[in-house]
Structure formats: structure tokens, C-alpha cells
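> Sequence unavailable; structure follows:
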Ligand code: HEM
């Protein structure tokens, strides 16, 4: 987080714009790599780690492309668009990089058996040593791959949408800033422990997830035939739950197309899978395991960006005129990346 703010600080001195989604993506990559491997994989000032970042992007881009083979299973073996082949190629590259980091650690463990590390990789390696058949190196590599793919673009594109929506509405920006000034102090970085005292910030994050859920569809397979809302759904059907349209349903939400964080002031509704009107993280057994981490990081990143700088859109665009056009990849991102210029307070 400190690096992200320091990078914005440097841009504010030169008048350069920040690609908010990309900077947040790099922050999330480093956050995950530090949790798992205790090291950064990207340097925001240099091109180091570019390969890692590019491969994660490549995998997500391919996963987000419409694949005819999903609609006509006969085409699965042929893979007419080459999507499966390319995903395999990119994933293999990422697995190789992850494998390199695991080898590095195994070597460190050999040289220093009681190195005293407590990161996620250490826990996984210890678990694997206890029962190598239940949890082997292949599991460790693929679990790391899953976390990098599932945890980066989802969070960074949500942050980008939050910034767009707040910049479009100066009254929201001012209200958030005055909450930070009252509770934390102007110009300070927001820490996880502060979030509970910042209810308006939490409302902004919920409202962003309502209007711009980065995973617009939940996928389920029906394990027994069922009748729902007058439709017969055969066993083994694949069902898509449209989270995006649930969040914009006028039967549930007053004025659903307006970004209005205040709607959550008096609503006890949360994103934890109990309130089916708002399920950006899914629900039930397969609910997103990164929910708590993601909401905490969204609050601290957004809060720190807003509390550390004023923001202006790049070019001649007035912030109020920023568009909200969407582009569907693996996640539902903004069609044009938000480039915003930080201004020192
Ligand atoms: C704003 C951020 C995020 C959103 C909106 C989000 C949303 C989701 C959704 C909708 C699912 C499918 C849930 C279901 O089918 O019911 C999911 C699965 C998953 N998410 Fe997230 N996610 C986010 C961030 C993260 C982070 C930060 C991590 C990890 C570091 C993560 C790890 C995962 C994993 C591993 C799965 C697969 C779980 C399974 O299949 O059992 N997510 N996420």
C-alpha cells in the first residue's frame, strides 16, 4: 500500500497520470506474493516482474473470451479458437515461475532448516511434508496459480470502478474526505484497523460491488432436476446466476442505476452471501474465500487514495463526465482504463 501511495506521490510531482486499475493490479500481485512467498514480484517503478504480471493478464484475457466450444461440446476436442491451448500455454509459464519460487524456498529450507518463516508457502510445504500423498507439490503450485488468477483483477477492477464513481460525484468525494479527516486525519494512509470506524467508506465499496460486480455470473451445475419460477431445469444443466442484473433489479433497488452509497446507511445488507440481493462474492459452499481480504484491501486502497490526494481525470475530461462503459473479459472491467492525475493536498 505504501508503494502504491509513494508511486502516486511521485506522479503528483511530475503531473503524470496513474493508470489506477494497473497500479492496483500490481499492488494486489505484490500483496499476494508477499502473503505466499514473502517477496514482491512487481516493481511499480521498473519493468521487473513484468513477465509475471503479463502472464497473469494473458491467462485472464483468454479465460474471458467467448469460447464456442462451451456452447457446442463437440468442438471441445478441436478447440477451434485455440483458447484452451493458449490458456494451457500461459498457465504453464505461470506455473514455471511459481515453481521457481518454490525451488528457491526448498533450497533455503535445506540450508537453514529452522529459518523461522511463517508465510503461506511455509505452511503448505510443512503440510505437504506431513502427508505428501494428500497434498503434494502439484497441489501447491496450482493453489498458488488459483490465488493469483482469482485475487488480482477482481479486486483491482473493483477499485478502478470505485474511483470512477467517486470522481464522477464530487459530493461523494467530499463526504468521504470529511469522514477521513474527522476519524483518521487528513493525508494519512488508511490501515485495516481503521475500516470499522469508516462507515461511509464501507458504503462506497458495497455500492461499487452492487453496480459493478467484477464476476458478473456465478456458475452452478444442477445435481437434480428442479422446477424454478415455472421453468423446468434438467439434471446436470449448467446454470448461470446473473449477479450483475440482480444488483440492478428495480424490484429490489430504488433508482438502481444511480451510484448512491447512502442507500446502505440504514440497510443491514452485506456482501457475505446471506443477502441474495447482493452477492458479488457468490454464496454457499463455493463463496469466494478471498472475501475478507478483498473487502479490506478495497477499503484501505480506496480510502488511502482519496485521503492522500485530490484527483483529476487525464486530458480535457471533467471528472463528472467520466464514462461507465463496461468491457467483459474474465472480469467486468471498465472499457477504457481510468487514468487520473493525483494532486498533492
Ligand atoms: C472484489 C474482489 C473479489 C470478488 C468480487 C470475488 C468474487 C468471487 C466470486 C463471485 C467467486 C465465485 C463464488 C461462487 O461461485 O459462489 C469467487 C471465487 C474465488 N475467489 Fe474471489 N473474488 C474477489 C477477490 C478474491 C481474492 C482477493 C482472492 C484470493 C486471494 C479470491 C480467491 C477466490 C478463489 C480461490 C475462488 C474459487 C473458490 C472455489 O471455487 O471454491 N477472490 N470469487
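Received, thanks. Everything numeric here is computed off the predicted structure, so don't read it as measured data.

> In this structure, which helix is the longest?
helix 83-111 (DSSP state H).

> could you pull out the strands for this protein?
For the chain, applying DSSP state E gives strands covering 18-19, 217-221, 226-228, 231-233, 238-242, 309-313, 326-328, 332-334, 339-344.

> and the longest one, how far out from the chain's middle?
Taking the mean of its C-alpha atoms, strand 339-344 sits 22 Å from the chain's own mean (Cα atoms, centre = their mean, to the nearest Å).

> For the ligand, which of the strands of the chain is the nearest?
Between the ligand and these, the tightest spacing by Cβ to the nearest ligand atom is seen for strand 217-221, at 4.4 Å. Any C-beta I mention is one placed from the backbone N, CA and C, and that applies to glycine too.

> relative orientation of that closest one and strand 238-242 in degrees?
150 degrees (axes from the mean of the first three to the mean of the last three Cα atoms, to 10 degrees).

> Residue 177 contacts residue 308, correct?
No. Shown here, residue 177 and residue 308 do not form a contact pair, counting by Cβ atoms under 8 Å, at 10.4 Å.

> Those two: which is more packed in?
Between residue 177 and residue 308, residue 308 has the larger neighbour count (other Cβ atoms under 10 Å), namely 23 against 18.

> where does the most centrally placed residue in the chain sit relative to residue 345, distance-wise?
Closest residue to the average C-alpha location of the chain: residue 155 at 1.7 Å, with Cα atoms, centre = their mean. Separation of residue 155 from residue 345 (Cβ to Cβ, to the nearest Å): 26 Å.

> tell me which parts of this structure are close to the ligand?
32, 146-147, 150-151, 154-155, 158, 214-215, 218, 280-283, 286-290, 293-294 (Cβ under 6 Å from any ligand atom).

> Give me the buried subset of these.
Among the residues of the chain next to the ligand, those buried by neighbour count (16 or more other Cβ atoms under 10 Å) are 32, 147, 150-151, 154-155, 158, 214-215, 218, 280-283, 288, 290, 293-294.

> For burial, what's the neighbour tally of residue 240?
The burial count assigned to residue 240 is 10, neighbours taken as other Cβ under 10 Å.

> If we ignore the residues flanking it in sequence, what's nearest it?
Nearest residue to residue 240 in three dimensions, chain neighbours excluded: residue 217, at 4.5 Å (Cβ to Cβ, 6 or more residues apart in numbering).

> residues near the one you found, how many?
For residue 217, using other Cβ under 10 Å, the count is 15.

> now the helices for the stretch 101-250 of the chain?
Ranges of helices in the stretch 101-250 of the chain, per DSSP state H, counting those that start in this stretch, are 120-130, 137-151, 153-168, 170-183, 199-211, 243-246.

> possible to save those helices as JSON lines with mean pLDDT?
Shown next, in JSON lines, are the helices of the stretch 101-250 of the chain (pLDDT from 0 to 100):
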{"stretch": "helix 120-130", "mean pLDDT": "94"}
{"stretch": "helix 137-151", "mean pLDDT": "94"}
{"stretch": "helix 153-168", "mean pLDDT": "95"}
{"stretch": "helix 170-183", "mean pLDDT": "97"}
{"stretch": "helix 199-211", "mean pLDDT": "97"}
{"stretch": "helix 243-246", "mean pLDDT": "96"}
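
> looking at the ones you listed, which is buried most?
helix 153-168 (a mean of 25; mean count of other Cβ atoms under 10 Å).

> what's the distance between it and the middle of its chain?
Computed by Cα atoms, centre = their mean, the chain-centroid distance of helix 153-168 equals 10 Å.

> per-residue pLDDT, residue 50?
What the model reports as pLDDT for residue 50 is 69.

> With the one 5 residues further on instead?
The score at residue 55 is 84. That number is its pLDDT.

> Does it touch residue 95 like I think?
No. With contact defined as Cβ under 8 Å, residue 55 does not count as touching residue 95 (9.7 Å).

> out of the two, which sits in the busier spot?
residue 55 (20 against 16).

> For the more buried one, give me its contacts.
90, 93, 94, 97 (Cβ atoms under 8 Å, 6 or more residues apart in numbering).

> how far away is the third one from the ligand?
Per Cβ to the nearest ligand atom, to the nearest Å, residue 94 is found 15 Å from the ligand.

> so what's residue 333 scoring on pLDDT?
So residue 333 comes in at 74 (pLDDT).

> thought it was touching residue 21?
Yes. Contact status for residue 333 versus residue 21: in contact at 6.9 Å, counting by Cβ under 8 Å.

> can you list residues touching both of those two?
Common neighbours of residue 333 and residue 21 (Cβ under 8 Å, 6+ apart) are 157, 160.

> Do I have it right that the residue nearest to residue 240 meets residue 239?
No. Using Cβ under 8 Å, residue 217 makes no contact with residue 239, being 9.6 Å away.

> Can you report how many residues lie near residue 270?
Residue 270, neighbours per other Cβ under 10 Å, totals 13.

> should've said residue 310
13.

> Which pLDDT value goes with the closest residue to it other than its chain neighbours?
Among residues not flanking residue 310 along the chain, residue 343 sits closest, at 4.3 Å (Cβ to Cβ, 6+ apart). Note on residue 343: pLDDT of 95.
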